[in-house]
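Asks: Just to be clear, the model below is a prediction. Sequence and coordinates:
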Amino acid sequence: MATSGGFNHRNGVSQRSSLKPLSSSGVRRSSTGSMGGSTAAAAKDDTGVPGRVRVAVRLRPRNQEELIADADFADCVELQSELKRLKLRKNNWDSDTFEFDEVLTEFASQKRVYEVVAKPVVESVLDGYNGTVMAYGQTGTGKTYTLGRLGEEDTAARGIMVRAMEDILADISLETDSVSVSYLQLYMETIQDLLDPANDNISIVEDPKTGDVSLPGATIIEIRDHMSFMELLRLGEAHRFAANTKLNTESSRSHAILMVNVKRHVKGRDSTLSNENGNNSHISKNLKAPLVRKGKLVVVDLAGSERIDKSGSEGHTLEEAKSINLSLSALGKCINALAENSAHVPVRDSKLTRLLRDSFGGTARTSLIITIGPSPRHRGETTSTIMFGQRAMKVENMLKLKEEFDYKSLSRRLDIQLDKLIAEHERQQKAFKDEIERITIEAQNQISETERNYADALEKERLKYQKDYMESIKKLEEQLMMNQRNYGSDKITNGQKDNSTDVTSNKENLSALEEVVELKKMLQKETLLRKNAEEEINNLKNQLSQWKRSEALGNSEILKLRKMLEDETHRKEKLEEEIAMLQSQLMQISFEADETRKQLDLSEPGKILGGLDSLMEQVRQSQLKESGNEEKSSIAQLFEQ
């Protein structure tokens, strides 16, 4: 009983188990938002990872009263921090040795205490697990100093609450993640809200499906920066009950409970959207199903256990002490039952044990720090505190990852993507229509310009050949008239002359005939040129008819494009109808999911976890079967076009 059975426990990992639970420093140091193999598997089959309750002991230095009263007496405890051992002296020659996960001397700094006790729990909470940090010990041994010290004058004196919130705010993204805080106290078996003193009777609600404990009436404040959290702590400490006793000038008379809920968005698994033939070469889009990890950090500052004869409590303070001792006694019974693997754990004996149901024997990662004093006058209380810590070290929790699909975020993101696709489709349609109009106008302009050019060229050629023809005819006529006049005058002259002159006349006639032949040849040549001109005109007419046929083909192509545009408009209307159908199906699925959750609430808890995955798989299969062949195919055809 003096030792912990010879096994070495460090950072919550028992060397006895072959399983590897979460380590204190390796929980979150992988990529943020990624799902590790063991973690994802644990979340998938809903099986937990073993995690023993880690217990650290912290020694308070002697105060002024003890320095005077116990000056002649040695401390009742001796710490061996390197060996993680504590020796409790019975007398000058006999002592008991106890082993803990961490042994913190009176010289340990607040930073050191946070790093070895609370930081592994905070990292687990950031990864989606529940975590608990609790302080237990006699009145005046430094529980509130360890947990709730604000450190306004000296930042090195900041307690676990302040340092934990600093790490949480430094690790999350305020754009996608959220942190909310509730601050309560359990006073005289009544849960009161330290942030709203008027709310002084909050009920405890247990989820029959998961066994989680919630306080629906508590005030929940969302934290955006560290200063607002400090203001909440100051407000809560001002409303907490405290009294002056012989053991402590400012003794807490209630159990303070700080609840920090962390909600983080991480990337999920891939799902591919393809067409009905299974060919996703035309359209494929990887959709990251958004996952939400919800971790809850509970920091419990227990009121100190005390003996009435030593604390000197009277009247109302005595009643407060009785209530505190009863709740701590109920907590001790529960831890004893869990340590002994008892079939019955009396968690309903006190509201404190109901609130800490998940912390001991549940799914949360728990670190307990027990605070003790060195005075030999309080050896009995110190022994009781040490034995409480030893029994707590035997309690083992099953850590479970708290994550779920964020269907609302996925729906919003799909709506945004759908709006973008519709806008892009409309933009492409408009650009396509503008391109068709531009091509049509250019074709019409080219056809008109070509017609004008050929008409002008044809008219010029016609006028040119006509002018040449008229000039040639005119020249021939003038030449003919001149020849006729010359021939008449020559004939009269030849009649009066003798035969000797007839030879000369015949020569002149022959030359005139030669000229007539030459004129005939020129006329034939002009006729041939006219035929060539007419052939050129016919060629131009043929080319013009070819251009007109090209224009007709262009008009038919324009009609086809207009028909395609009308078909695209019809498909757009059909797509809008399918979008509306998808949204209605999404709303129907959400409604069926809510109905299923309500039905599951009435079923046995043991059947819920096994049926939840099959139910979600049926919903996914039905959604893929109904929408994968119709709605998604139309989207694929639209993007293909």
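Replies: Looks like it arrived, so ask away.
Asks: which of the residues in stretch 332-352 are buried?
Replies: 332-339, 345, 347, 349-352 (16 or more other CB atoms under 10 Å). For the C-beta atoms, the positions are set from N, CA and C on the backbone; glycine is no exception.
Asks: What of stretch 145-162?
Replies: Tyr145, Thr146, Leu147, Gly148, Arg149, Arg158, Gly159, Ile160, Met161, Val162.
Asks: Surely the first one touches Met161?
Replies: To tie it back to what came earlier, the one meant is Tyr145. No: using CB atoms under 8 Å, Tyr145 is not in contact with Met161; the gap is 11.5 Å.
Asks: re the thing from before, now that we have the buried residues of stretch 145-162, can you turn them into CSV and tack on pLDDT, secondary structure and distance to Leu328?
Replies: Listed next are the buried residues of stretch 145-162 as CSV, based on pLDDT from 0 to 100; DSSP: H, G, I helix; E, B strand; the rest coil; distance: CB to CB, whole Å:
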residue, pLDDT, secondary structure, distance to Leu328
Tyr145, 90, helix, 19
Thr146, 92, helix, 17
Leu147, 92, helix, 16
Gly148, 85, helix, 18
Arg149, 88, coil, 22
Arg158, 91, coil, 27
Gly159, 92, coil, 21
Ile160, 94, helix, 20
Met161, 93, helix, 21
Val162, 94, helix, 25
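Asks: Make JSON lines out of those residues and add distance to Ser556.
Replies: Shown next, in JSON lines, are these (distance: CB to CB, whole Å):
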{"residue": "Tyr145", "distance to Ser556": "91"}
{"residue": "Thr146", "distance to Ser556": "88"}
{"residue": "Leu147", "distance to Ser556": "85"}
{"residue": "Gly148", "distance to Ser556": "85"}
{"residue": "Arg149", "distance to Ser556": "87"}
{"residue": "Arg158", "distance to Ser556": "83"}
{"residue": "Gly159", "distance to Ser556": "84"}
{"residue": "Ile160", "distance to Ser556": "82"}
{"residue": "Met161", "distance to Ser556": "80"}
{"residue": "Val162", "distance to Ser556": "80"}
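Asks: Check which helices and strands the helix or strand encompassing Ala512 sits against.
Replies: Ala512 belongs to helix 499-602 when elements are defined using DSSP states H and E. Applying 3 or more CB pairs under 8 Å, 6 or more residues apart in numbering; DSSP states H and E, one finds that helix 499-602 makes contact with helix 407-496, helix 605-628, helix 631-640.
Asks: then stretch 207-219 to CSV, C-alphas only?
Replies: Coordinates of each C-alpha in stretch 207-219 appear next as CSV, following Å, rounded to 0.1, in the frame of the first residue of the first chain:
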residue,chain,number,x,y,z
ASP,A,207,-27.7,12.5,-21.4
PRO,A,208,-29.1,8.9,-21.3
LYS,A,209,-27.5,8.1,-24.6
THR,A,210,-23.9,9.2,-23.9
GLY,A,211,-23.9,9.6,-20.2
ASP,A,212,-22.5,13.1,-20.5
VAL,A,213,-23.4,15.6,-17.7
SER,A,214,-24.6,19.1,-18.7
LEU,A,215,-25.9,22.2,-16.9
PRO,A,216,-28.4,23.7,-19.2
GLY,A,217,-29.2,26.6,-16.9
ALA,A,218,-25.6,27.9,-16.5
THR,A,219,-24.4,31.1,-18.1
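Asks: Other residues contacting that stretch?
Replies: In this structure, residues lying in contact with stretch 207-219 by CB atoms under 8 Å, 6 or more residues apart in numbering are 182, 184, 191, 193, 195-196, 199, 202-206, 259, 354-355, 357-358, 362, 600-601, 605, 608.
Asks: Can you turn the buried part of the residues you listed into a ChimeraX selection?
Replies: Buried members of the contacts of stretch 207-219, defined by 16+ other CB under 10 Å, are picked up in ChimeraX with:
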select :182,184,191,193,195,196,202,259,354,355,357,358,362,600,608
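Asks: Tell me which of the contacts of stretch 207-219 fall in strands.
Replies: Under the assignment DSSP state E, the contacts of stretch 207-219 contribute Ser182, Leu184, Ile191, Asp193, Val205, Glu206, Met259 to strands.
Asks: Surely Ile257 forms part of a helix?
Replies: No: counting by DSSP: H, G, I helix; E, B strand; the rest coil, Ile257 falls outside a helix, being strand.
Asks: Can you give me the distance of the closest residue to it other than its chain neighbours to Ile204?
Replies: Leaving aside its sequence neighbours, Ile257 sits nearest to Leu184 (CB to CB, 6 or more residues apart in numbering; 4.7 Å). Counting by CB to CB, to the nearest Å, the separation of Leu184 from Ile204 is 11 Å.
Asks: buried ones in stretch 540-553?
Replies: So for stretch 540-553, counting by 16+ other CB under 10 Å, buried means Glu551.
Asks: Ignore what I typed, I meant stretch 169-179.
Replies: In stretch 169-179, counting by 16+ other CB under 10 Å, buried: Leu169, Asp171, Ile172, Asp177, Ser178, Val179.
Asks: and the two most separated of the buried residues of stretch 332-352?
Replies: Greatest spatial distance in these: Ala339 and Lys351, 21.8 Å, computed using CB to CB.
Asks: Would you map the helices across the stretch 1-150 of the chain?
Replies: 37-45, 64-69, 110-113, 119-126, 143-148 (DSSP state H, counting those that start in this stretch).
Asks: ditto for the stretch 251-400 of the chain
Replies: Listed in chain order, the helices of the stretch 251-400 of the chain (DSSP H, counting those that start in this stretch) span residues 308-311, 316-339, 351-355, 379-392.
Asks: could these be laid out in JSON lines, adding mean pLDDT?
Replies: Shown next, in JSON lines, are those (pLDDT from 0 to 100):
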{"stretch": "helix 308-311", "mean pLDDT": "56"}
{"stretch": "helix 316-339", "mean pLDDT": "85"}
{"stretch": "helix 351-355", "mean pLDDT": "90"}
{"stretch": "helix 379-392", "mean pLDDT": "90"}
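Asks: Figure out which of these is closest to Arg253.
Replies: helix 316-339 (4.4 Å).
Asks: what about that closest one, distance to the chain center?
Replies: Its chain's C-alpha centre and that of helix 316-339 lie 44 Å apart, by CA atoms, centre = their mean, to the nearest Å.
Asks: Which residues outside that helix are in contact with it?
Replies: 136, 186-189, 241, 243, 245, 253, 255, 302-306, 308, 311, 313, 342, 344-347, 349-353, 356, 360-361, 388, 391-392, 394-395.
Asks: Thanks a lot, see you next time.
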